[in-house]
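> Okay, structure incoming, though there's no sequence with it:
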């Protein structure tokens with residue numbers, strides 16, 4: 001499927017906002033967020049400038065893994081609402097110019113799923129081959145994704161006397177995608193939610209979905225994993241011309257090219273760039289932009305219908321597994337000095353503002369950098385406010401505390417007793433008393449207003465999503481300078497990751513009748529020297545976005 005029509009690649013310039021319905025807004029005051037509450041907060045998201053909502057799992061679940069243990073792929077957890085409430089959210093979002101994508105978690109099911117209950121009832125069950133079974137685990141089984149929580153990836157089932165594969169928790173048995181019937185089920189799931197109006201899916205743990213390791217001999221291994229991924233994309237395209245697959249594939253860049261579908265771009269539409277994210281934190285720890293610059297330069301070319309997704313924080317641990325052991329220790333020392341701030345010896349369970357000691361200059365510089373990088377920015381709920389984590393909530397859940405709407409009880413999330421909340425509200429210096437949407441909406445100097453401005457400028461700079469990326473040479477290792485050039489024009493972005501003021505000289509090869517207009521600070525105009533060089537002064541943790549305007553240019557600045 002070679003993409004030739006680029007007229008509606010909406011994701012190229014989207015602003016994606018990830019939220020958990022359970023912790024976003026509780027409208028019936030039972031302590032759990034719900035779809036009705038989300039509907040009532042749609043205007044807030046529209047004001048922010050969000051163009052795509054990514055909903056974390058809202059399906060029926062025993063809730064042993066924050067909803068990622070699913071017992072019905074076609075349902076809505078009754079705590080959150082029903083299908084009517086879900087459709088109302090999709091409709092309300094559309095009315096305000098927002099699309100909705102949802103989590104597609106089909107690597108595994110809950111062990112309470114009817115398929116698994118039937119599969120473990122008998123070896124002759126028609127659902128037996130929906131999962132992966134062995135008489136004995138292989139001699140060299142894969143390591144657990146959750147070291148310290150799971151001892152392995154094979155679990156013995158006493159009912160039938162065999163072991164089943166679980167790449168994640170033992171209560172999440174892996175589906176056998178080598179089974180054609182399972183693949184048919186996956187297409188039905190995709191088709192069902194498309195019919196209810198979604199615009200695509202964030203595909204969970206894609207490498208684990210495609211890995212056929214452990215499939216019993218004779219059961220038909222998934223011999224062409226990428227062919228399977230292409231078939232899902234083709235099915236998606238037949239059902240919806242606009243829908244996307246946003247893949248979680250934490251892999252080296254060269255491997256991600258295959259997951260995009262190579263030069264045809266006919267597999268995953270978008271992928272998170274974990275390599276750039278990890279090196280961003282290494283650069284922040286060192287106050288040295290060179291690791292980040294190297295990671296960006298390492299990005300391979302991708303098809304026009306493919307896109308990188310950039311993020312500062314996601315809903316999981318902030319994984320640093322793409323760094324070396326020494327590099328990871330540097331980041332831990334800088335941003336997670338206490339053991340409770342780390343998980344699985346590879347990740348951090350904190351939000352950005354506390355990691356940066358609440359320094360507003362540094363925090364805003366990071367988000368300016370995020371929105372200026374080539375690709376599509378992805379925000380996790382509360383980032384626009386500068387929310388902190390709650391380390392009293394164990395593990396990866398610490399960043400999933402309730403959204404902070406007001407300074408009132410429970411942060412305005414719910415009127416229920418605190419003991420009934422889906423998760424405890426963050427306390428201390430990042431409590432709702434100090435960080436909330438209501439106050440920040442009316443404060444022109446707030447983080448929320450700053451994020452609105454960033455999003456406005458990003459949305460008016462289509463070259464960021466579409467253009468060609470070039471790193472710009474200059475002499476200060478703390479500074480990242482880059483240019484993005486597309487059919488719409490050119491933007492230059494300069495970010496100082498260090499605390500000291502600096503002045504950098506950029507060779508932009510511009511004629512002296514060109515102008516550089518500041519998009520973020522004051523609209524000031526800089527004119528290149530006769531040699532096409534530009535000298536820029538940056539404060540400590542300073543940043544500039546500069547639009548290049550040729551004579552007669554009609555773009556707004």
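Happy to help now that I have it. Model, not experiment: these values are computed from the prediction.
> can we go C-alpha only for contacts and neighbour counts from here?
Noted.
> residue ranges with poor pLDDT in the protein?
Low-confidence segments of the chain (pLDDT under 70): 1-7, 212-221.
> Can you give the domain ranges for it?
Following automatic domain parsing, one finds the domains of the chain at 10-106+180-459, 114-165, 467-549.
> Strands along the stretch 201-350 of the chain, start to end?
Secondary structure of the stretch 201-350 of the chain (DSSP state E, counting those that start in this stretch): strands at 244-247, 270-272, 307-311, 318-319, 342-343, 347-348.
> would CSV of the domains of the chain with distance to residue 171 and mean neighbour count be doable?
Putting those into CSV (distance: least, Cα to Cα, whole Å; neighbours: other Cα atoms under 10 Å) gives the following:
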stretch, distance to residue 171, mean neighbour count
domain 10-106+180-459, 8, 20
domain 114-165, 9, 17
domain 467-549, 43, 18
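> Enumerate every residue touching residue 257.
300, 302 (Cα atoms under 8 Å, 6 or more residues apart in numbering).
> Wait, residue 159 touches residue 121, no?
Yes: using Cα atoms under 8 Å, residue 159 is in contact with residue 121, at 6.9 Å.
> Please enumerate the shared neighbours of the two.
With Cα under 8 Å, 6+ apart, residue 159 and residue 121 have no common neighbours.
> rewinding a little: the domains of the chain: which one's closest to residue 173?
Of all these, it is domain 114-165 that lies closest to residue 173, at 5.9 Å by Cα to Cα.
> Quick check: end-to-end length of that closest one?
17 Å (Cα to Cα, to the nearest Å).
> How far does stretch 174-184 sit from its chain's centre?
Relative to the centre of its chain, stretch 174-184 is centred 26 Å away, using Cα atoms, centre = their mean, to the nearest Å.
> Now do it: distance from first to last residue.
16 Å.
> Next: stretch 435-447.
OK, stretch 435-447 end separation, Cα to Cα: 10 Å.
> Quick one: residues contacting residue 389.
Residue 389 neighbours (Cα under 8 Å, 6+ apart): 349-351, 354, 398-401, 426, 430.
> go again using 6 Å as the cut-off
350-351, 398-399 (Cα atoms under 6 Å, 6 or more residues apart in numbering).
> Determine which two of those residues are furthest apart.
Among those, 351 and 398 lie farthest apart (Cα to Cα), at 8.9 Å.
> What segments of the stretch 451-557 of the chain are helices?
463-466 (DSSP state H, counting those that start in this stretch).
> which residues touch residue 506?
Here residue 506 is in contact with 533-534 (criterion: Cα under 6 Å, 6+ apart).
> That one bridge partners, please.
Taking DSSP bridges as the rule, residue 506 bridges to residue 534.
> how near is it to residue 292?
Distance, residue 506 to residue 292, using Cα to Cα: 19 Å.
> Quick one: the helices in the stretch 301-450 of the chain, in order.
Assigned by DSSP H, counting those that start in this stretch, the stretch 301-450 of the chain shows helices spanning 325-335, 352-355, 360-372, 437-441, 447-459.
> quick one: contacts for residue 421?
31-32.
> redo that, cut-off 8 Å
30-32, 414.
> quick one on the thing from earlier: need the domains of the chain in CSV (columns: distance to residue 555).
Formatted as CSV, those follow (distance: least, Cα to Cα, whole Å):
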stretch, distance to residue 555
domain 10-106+180-459, 12
domain 114-165, 49
domain 467-549, 8
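> Let's verify residue 58: helix, strand, or coil?
Under DSSP: H, G, I helix; E, B strand; the rest coil, residue 58 falls in the coil class.
> Now residue 63. Nearest residue, chain neighbours left out?
residue 69 (6.5 Å; Cα to Cα, 6 or more residues apart in numbering).
> how much space is there between the one you found and residue 423?
Distance from residue 69 to residue 423, by Cα to Cα: 18 Å.
> For stretch 228-246, what is the distance to the chain centroid?
On Cα atoms, centre = their mean, the centre of stretch 228-246 falls 19 Å from that of its chain.
> Please disregard the earlier target; I meant stretch 104-124.
28 Å.
> what sits up against that stretch?
Applying Cα under 8 Å, 6+ apart, the contact partners of stretch 104-124 are 61-62, 68-72, 125-131, 157, 159-160, 166, 171-175, 186, 201-206, 208-209.
> tell me the contacts of residue 208?
107, 167.
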